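>>> Need a 3D model of the sequence below.
(one chain, ligands or ions: 1)
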Amino acid sequence: MLRMSRRKNWKTALIHSDAAVPQDFRSLNTPVHRASTVLFHRAADASEEWNQWEHGYTYGLYGTPTTLELAARVCELEGGRHTLITPGGQGAISLIHLALLKAGDHVLIPENIYGPNRKFANHVLCRFGVDVSYYPFDAGASIDTHFRSNTRVVWCENPGSVTMEIQDVPAIAEAAHRHGALVVLDNTWSAGIYFDAFAHGVDVTMQALTKYIGGHSDLLLGSITVRDPQLFERLGETHQVIGCPASPDDCSLALRGMKTMAVRLKQVEQTALELARWLSSRSEIERVLHPALPSCPGHDLWQRDFTGSTGLFSIIFHERFNKPQVQQFVDSLKLFKIGYSWGGVASLVMSYDLHSPKRPAYGSRIVRLYTGLEDPDDLKADLEQALAAMVS
Ligand SMILES: Cc1ncc(COP(=O)(O)O)c(C=O)c1O
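Here you go, the predicted model:
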């Protein structure tokens with residue numbers, strides 16, 4: 001505390017106060033530490049190091065204790081050794097690309113990857129001289145033929161975005177490592193819980209914490225977790241200069257969300273399974289793409305590699321339905337709200353129009369559902385009335 005021989009001017013006191021409050025406050029919650037500037041004890045202590053685990057706190061850009069607490073907890077859940085927090089899931093994706101690839105390298109991406117990941121690869125990486133190519137989502141060990149001498153990174157996403165196919169990650173990892181490439185996984189669907197990325201050969205696992213860890217549709221955050229210290233260095237050095245810090249307020253919300261994640265996950269799993277099974281029996285629905293149902297491509301791999309399922313799945317309407325009818329179904333839903341993202345407490349719906357020759361020909365008959373924490377019977381009734389509105 002600042003002690004001066006004369007009384008401080010009130011304007012100085014506004015900045016450097018002698019006011020004191022009782023110490024030793026103990027609660028169950030992580031405090032929110034907001035800071036750009038971090039104070040050093042002596043000039044000689046000042047450092048611009050980003051790795052605050054190793055060097056102590058140096059600058060708010062690299063995280064405050066709130067950010068690092070979230071990182072440590074995600075790391076614990078995913079069984080990693082180091083975790084970086086980013087301002088969103090897409091931020092984690094771009095950071096991984098930028099940190100692990102350089103001009104002249106080649107990256108392999110599955111056809112069913114999250115759309116903005118593909119966009120980043122096609123629109124940014126290509127401009128910087130990285131070769132980008134796509135492999136079939138069901139490649140498994142046959143991915144071998146897609147490697148080039150300069151392949152450095154192979155992405156996986158399990159299940160794939162919207163079309164929900166499960167990949168054979170261990171077979172892909174085995175081939176990638178034989179070719180000297182790293183395996184990166186988007187592990188968002190499993191919340192980093194139901195798929196053990198490192199046990200299945202993954203080198204870098206990322207999540208949009210926006211979804212299940214945040215859990216309330218009110219924040220955007222991402223995580224990148226690794227076991228290898230050298231990979232952590234490469235990612236951390238890029239994270240430092242990209243200049244995308246996560247807000248400690250958002251990290252605090254994520255830490256709170258995390259505490260209730262077990263009960264939320266259990267409920268969304270049960271509700272999604274109940275509704276997916278019920279939808280499978282409806283004549284309007286040709287196919288339900290839920291990894292825990294045999295109708296989903298890669299279901300056997302889900303059975304082998306996952307320990308549970310979550311709340312996001314897709315349905316394919318029968319061929320007799322056209323786009324306006326499918327949109328009529330979506331518009332008729334009352335509890336399922338139309339919106340992107342998932343993992344919160346409210347049920348959501350989104351229709352798509354998929355016309356890639358490299359993906360199943362679902363066209364505009366595909367609708368993605370996310371089941372939240374509403375009563376399952378109410379959700380079923382909502383789907384039932386929307387199905388009725390569509391055919392009438
Ligand atoms: C599978 C997957 N990965 C990454 C992201 C990106 O996360 P964010 O919205 O936090 O940028 C999303 C968002 O929908 C996603 O579905």
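>>> and residue 363, what is it in contact with?
Applying CB atoms under 8 Å, 6 or more residues apart in numbering to residue 363 gives the contacts 323, 353-355. Using the backbone N, CA and C atoms, a C-beta is placed for each residue, glycine as well.
>>> ditto for residue 375
Residue 375 neighbours (CB under 8 Å, 6+ apart): none.
>>> can you check residue 195 too?
158, 169, 185, 187, 189, 305-307.
>>> Now a ChimeraX select for only the buried ones of these.
Here is the ChimeraX command that picks out the buried ones among the contacts of residue 195, judged by 16 or more other CB atoms under 10 Å:
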select :158,169,185,187,189,305,306
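>>> export the contacts of residue 195 to a markdown table and tack on pLDDT, secondary structure and distance to residue 377?
Below are those laid out as a markdown table (pLDDT from 0 to 100; DSSP: H, G, I helix; E, B strand; the rest coil; distance: CB to CB, whole Å):
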| residue | pLDDT | secondary structure | distance to residue 377 |
| --- | --- | --- | --- |
| 158 | 96 | coil | 31 |
| 169 | 98 | helix | 36 |
| 185 | 98 | strand | 36 |
| 187 | 98 | coil | 32 |
| 189 | 98 | coil | 25 |
| 305 | 98 | helix | 32 |
| 306 | 98 | strand | 27 |
| 307 | 98 | coil | 27 |
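>>> so which of the contacts of residue 195 would you say is closest to the ligand?
For these, the minimum distance to the ligand (CB to the nearest ligand atom) is 6.4 Å, reached by residue 189.
>>> gap between the closest one and residue 384?
Applying CB to CB, to the nearest Å, the value for residue 189 to residue 384 is 26 Å.
>>> And residue 145, by the same measure?
Distance, residue 145 to residue 384, using CB to CB: 47 Å.
>>> So between the two, which is more surrounded?
Legend: neighbour count by other CB atoms under 10 Å for residue 145 and residue 384, higher for residue 384 (12 against 8).
>>> The more buried one should be in a helix, yeah?
Yes. Under DSSP: H, G, I helix; E, B strand; the rest coil, residue 384 sits within a helix.
>>> can you tell me the residue of the stretch 251-392 of the chain closest to the ligand?
Minimum separation of the stretch 251-392 of the chain from the ligand (CB to the nearest ligand atom) falls at residue 341, amounting to 5.1 Å.
>>> related to what we said a few turns ago, mind checking which of the contacts of residue 363 are in helices?
residue 323 (DSSP state H).
>>> most neighbours, which of the contacts of residue 363?
Sorting the contacts of residue 363 by how many neighbours each has (other CB under 10 Å) puts residue 354 first, at 15 neighbours.
>>> So for that residue, what's the nearest residue that isn't a sequence neighbour?
Once flanking residues are discounted, residue 354 sits nearest to residue 362: 5.3 Å by CB to CB, 6 or more residues apart in numbering.
>>> That neighbour contacts residue 318, correct?
No. With contact defined as CB atoms under 8 Å, residue 362 does not reach residue 318; the gap is 11.7 Å.
>>> Extract the C-alpha set from stretch 229-243 and format it as CSV.
C-alpha atoms of stretch 229-243 as CSV (Å, rounded to 0.1, in the frame of the first residue of the first chain):
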residue,chain,number,x,y,z
PRO,A,229,5.0,-29.6,-24.5
GLN,A,230,6.5,-28.8,-27.9
LEU,A,231,3.0,-28.5,-29.4
PHE,A,232,2.0,-26.3,-26.5
GLU,A,233,4.9,-24.0,-27.3
ARG,A,234,4.0,-23.8,-31.0
LEU,A,235,0.3,-23.1,-30.2
GLY,A,236,1.2,-20.7,-27.3
GLU,A,237,3.6,-18.6,-29.4
THR,A,238,1.0,-18.1,-32.1
HIS,A,239,-1.7,-17.4,-29.5
GLN,A,240,0.5,-14.7,-28.1
VAL,A,241,0.8,-12.8,-31.4
ILE,A,242,-2.6,-13.4,-32.8
GLY,A,243,-3.9,-11.2,-30.0
